[in-house]
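Next come a sequence and a model predicted from it.
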Amino acid sequence: MTGDTVGKISEEYRKKRVKRIKRIIIFLLLFMIILPTVLSVYLFFKVGDLSEKIDSLMAEKPQAVTASAVSEEPEKAKETKADAKSDSKKEKETDVSESEEVKKVYLTFEDSPSTQTKKILKILKKLGVKATFFVNGKTDDYSIDMYKQIVEDGHTLGMHSYSHVFDEIYASKKAFEADLDKLYDYLYEVTGVKSEFYRFPGGSGVQGTKAKMKDLIGVLNKKDIAYLDWNVLSPDIKDASIPQKKMIKELKKEIEKYDVSVVAFYDSKTQPMTIKALPTIIKYLQKRGYELLPVDENTAPIRHNQ
């Protein structure tokens, strides 16, 4: 093969190679131009399709709510506007299902004030809970501050006798009334509150008293003072050394039995477990959707003598 022939072959091979490279480059350029265009078109139609689906779902949502509302009790149609607003407010305030009624819990503390009262008030304030304190008559500066703090924090100030000495309080109708008036007047002098609620020392089912309970209730009725017992008794009242976990477990078990629970705690230095268990109990009840309330004129009375 001559030199000219070899040169021609090499030149042709080079040209073919250049053409092949050009075709590859052109193909790559076209691919890079066409692919984004195709993707853009695809995404455009995809977004449009999704938008239509969203619009469809939004249009169907009111229909689903309406259908659900129609399937509910026919009696709801008879509710007044005020009732409807009240129900709406309750639904917003609790996360329990619509089929369940909100259970109520009244936390009550007896024998206040004590060295524990300030700690109890701090716990209640931190957790946003209002409670009820059935107090005795104590005249020291700390107790006076506690009476005032109970009222200032929005709790209910109830009465639990001035002296809490059974033989004196229950000696006669006259003795009971004298003790009641003494505490009532004292609390009004200290706090400016006319207490409207009373808890009998030992409860309204107390036995072995000289005075008849019906006569003592008559004294309260005459003064427009309501009395209230309890249906849940804190287990540390019977056993001050009860372990914290056991106390919490027993309280949960008892409270869950009732739609309305009135829980009796002792506000006393001899019941230190109350302070330790109280935060856990409150958080548990709040999480479960219970409504924690102070005693007021709307509270259904729980009475042991009835």
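In hand now; what should we look at?

okay, CA-based contacts and neighbour counts for the rest of this
Will do.

the strands in the stretch 51-200 of the chain, which residues?
Assigned by DSSP state E, counting those that start in this stretch, the stretch 51-200 of the chain shows strands spanning 104-112, 132-135, 156-159, 197-198.

quick one: which of these is nearest residue 287?
Closest to residue 287 of the strands of the stretch 51-200 of the chain, according to C-alpha to C-alpha: strand 104-112, at 13.2 Å.

Take the strands of the stretch 51-200 of the chain and write them to JSON lines, including mean pLDDT.
Shown next, in JSON lines, are those (pLDDT from 0 to 100):
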{"stretch": "strand 104-112", "mean pLDDT": "98"}
{"stretch": "strand 132-135", "mean pLDDT": "98"}
{"stretch": "strand 156-159", "mean pLDDT": "98"}
{"stretch": "strand 197-198", "mean pLDDT": "98"}
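
Can I get those in a markdown table including distance to residue 235?
Shown next, in a markdown table, are those (distance: least, C-alpha to C-alpha, whole Å):
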| stretch | distance to residue 235 |
| --- | --- |
| strand 104-112 | 14 |
| strand 132-135 | 18 |
| strand 156-159 | 22 |
| strand 197-198 | 22 |
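
now for the ones you listed, which one comes closest to residue 258?
Nearest to residue 258 among the strands of the stretch 51-200 of the chain is strand 104-112; the distance by C-alpha to C-alpha comes to 8.6 Å.

quick one: strands adjacent to the closest one?
When pairing is defined by DSSP bridges, strand 104-112 lines up against strand 132-135 (parallel), strand 260-266 (parallel), strand 291-293 (parallel).

Could you report the neighbour count for residue 180?
Other residues lying near residue 180 total 21 when counted by other C-alpha atoms under 10 Å.

wait, doesn't it sit right on residue 161?
Yes: shown here, residue 180 and residue 161 form a contact pair, counting by C-alpha atoms under 8 Å, at 6.0 Å.

picking up where we left off before, looking at the strands of the stretch 51-200 of the chain, which is closest to residue 189?
strand 156-159 (13.3 Å).

and for that closest one, what are the contacting residues?
Outside of strand 156-159, the residues within contact range by C-alpha atoms under 8 Å, 6 or more residues apart in numbering are 130-136, 147, 150-151, 183-184, 193, 195-199, 294-296.

switch the cut-off to 7 Å
Strand 156-159 has contacts (C-alpha atoms under 7 Å, 6 or more residues apart in numbering) with 131-136, 150-151, 195-199, 294-295.

May I ask which of those residues has the most neighbours?
Top of those by neighbour count (other C-alpha under 10 Å): residue 133, with 31 neighbours.

What segments of this protein are helices?
3-71, 81-93, 117-127, 141-152, 166-169, 173-191, 213-222, 244-255, 273-287 (DSSP state H).

returning to what we had before: mind putting the strands paired with strand 104-112 in TSV, distance to residue 110 included?
Output for the strands paired with strand 104-112, formatted as TSV (distance: least, C-alpha to C-alpha, whole Å):
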stretch	distance to residue 110
strand 132-135	5
strand 260-266	5
strand 291-293	16
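
Buried deepest among those strands, which one?
Sort those by mean neighbour count, taking mean count of other C-alpha atoms under 10 Å, and strand 132-135 sits at the top with a mean of 26.

Just checking the distance from that strand to the centre of its chain.
How far strand 132-135 lies from its chain's middle: 21 Å, per C-alpha atoms, centre = their mean, to the nearest Å.

Check the offset of stretch 214-228 from the chain's centre.
Chain-centre distance of stretch 214-228: 33 Å, with C-alpha atoms, centre = their mean.

mind listing what's buried in that stretch?
Residues of stretch 214-228 classed as buried: 216, 217, 219, 220, 225, 226, 227, 228 (neighbour count, 16 or more other C-alpha atoms under 10 Å).
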